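got a predicted structure here, sequence first:
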Amino acid sequence: MKRVDCLAAIYDDLADCAVVTIMGAVAVELYSLGHRPNFFYLEHAMGLASSVGLGIAVSQPRRKVVVIDGDGSVLMNLGGLTTLARYAPRNLAHLIFDNESLLSVGGFPTATATGSDLTGVAVAAGIPNARTATDLDEFTAAAKAAIAADELALVTAKVEAVGPSSFAMDLHLLENRFGFARALRPEPADTEGPAS
């Protein structure tokens with residue numbers, strides 16, 4: 001299965017979410033489907049998408065947050081999974097595309113190519129709602145369920161090690177940063193804490 005097909009399958013479900021992606025192919029492919037102000041492409045901060053997503057989820061508990069990550073980034077910051085489990089924000093879905101390589105920086109194999117299981121690591125870290133998807137239908141159902149869930153949820157999608165023909169994006173980093181901040185301005189009810 002291809003990552004871009006997975007992203008296309010859930011694109012409409014992301015319309016009302018705060019979406020944080022990691023750098024590289026994930027960001028470029030989501031951008032290619034159509035940029036929205038509520039999408040933040042975390043360039044130059046490999047491994048930290050889940051940390052940024054966690055901060056948004058905790059500070060705006062009424063807003064659904066979707067983190068779109070890669071295996072290399074998650075492996076670079078495995079402590080991010082334990083931190084997510086510790087705080088367990090009910091409004092966060094963590095989607096990990098595992099192509100078993102550092103595709104965006106040359107295609108070097110990651111630990112998942114030799115047997116490391118990110119879903120297993122997530123469960124052991126304390127995220128019980130975690131599963132792996134190996135085909136598009138399975139991913140679509142799992143990702144939509146994770147986005148709709150009223151609990152921390154994680155989906156690892158095993159995808160092919162293919163990416164976009166170019167990693168260029170016609171969006172300035174500062175424009176993305178400030179546009180995203182404007183999109184996340186809290187509604188008055190957001191400052192009152194979780195819904196009862």
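Arrived safely. Numbering: from 1, shown residues only.

need the three-state assignment for the most centrally placed residue in the chain.
For the chain, Ile68 is the residue whose C-alpha lies nearest the centre (CA atoms, centre = their mean; 1.6 Å). Following DSSP: H, G, I helix; E, B strand; the rest coil, we place Ile68 in the strand state.

and if you look at Pro164?
coil.

distance check, the nearest residue to it once chain neighbours are set aside against Thr132.
Leaving out its chain neighbours, the residue that sits closest to Pro164 by CB to CB, 6 or more residues apart in numbering is Val28, at 4.7 Å. The way it works is simple: take the backbone N, C-alpha and C, and place the C-beta from them, glycine included. Distance from Val28 to Thr132, counting by CB to CB, to the nearest Å: 24 Å.

show me where this protein has helices.
3-10, 25-33, 49-59, 71-76, 79-87, 118-125, 136-148, 173-183 (DSSP state H).

give me the contacts around the longest one.
It stands for helix 136-148. Here helix 136-148 makes contact (CB atoms under 8 Å, 6 or more residues apart in numbering) with 1, 5-6, 9-10, 13-14, 17, 64, 66, 93-95, 129, 131, 133, 153-155, 157.

cool, and the shortest one?
Defining contact as CB under 8 Å, 6+ apart, one finds that helix 71-76 is touched by 22-23, 46-50, 80-81, 96-105, 110-112, 116, 118.

report the buried members of the residues you listed.
22-23, 46-50, 80-81, 96-104, 110, 112, 116, 118 (16 or more other CB atoms under 10 Å).

could you give me the buried positions within stretch 88-96?
For stretch 88-96, by 16+ other CB under 10 Å, it's Pro89, Asn91, Leu92, Ala93, His94, Leu95, Ile96.

ugh, wrong one, I meant stretch 143-151
Buried, per 16+ other CB under 10 Å, within stretch 143-151: Ala143, Lys144, Ala146, Ile147.

please apply the same query to stretch 35-49.
So stretch 35-49, judged by 16+ other CB under 10 Å, has buried residues His35, Arg36, Asn38, Phe39, Phe40, Tyr41, Leu42, Glu43, Met46, Gly47, Leu48, Ala49.

nearest residue to the third one in space, please, no chain neighbours.
The reference is to Asn38. Using CB to CB, 6+ apart, the nearest residue to Asn38 is Ala183, at 4.4 Å.

quickly compare the helices of the chain and say which is most buried.
helix 71-76 (a mean of 23; mean count of other CB atoms under 10 Å).

pull the CA atoms of it into PDB?
The C-alpha trace of helix 71-76 is given here as PDB (Å, rounded to 0.1, in the frame of the first residue of the first chain):
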ATOM      1  CA  ASP A  71       8.900   5.100  11.400                       C
ATOM      2  CA  GLY A  72      12.200   6.900  11.300                       C
ATOM      3  CA  SER A  73      10.900   9.900  13.300                       C
ATOM      4  CA  VAL A  74       9.200   7.700  15.900                       C
ATOM      5  CA  LEU A  75      12.300   5.600  16.400                       C
ATOM      6  CA  MET A  76      14.300   8.800  16.800                       C
END
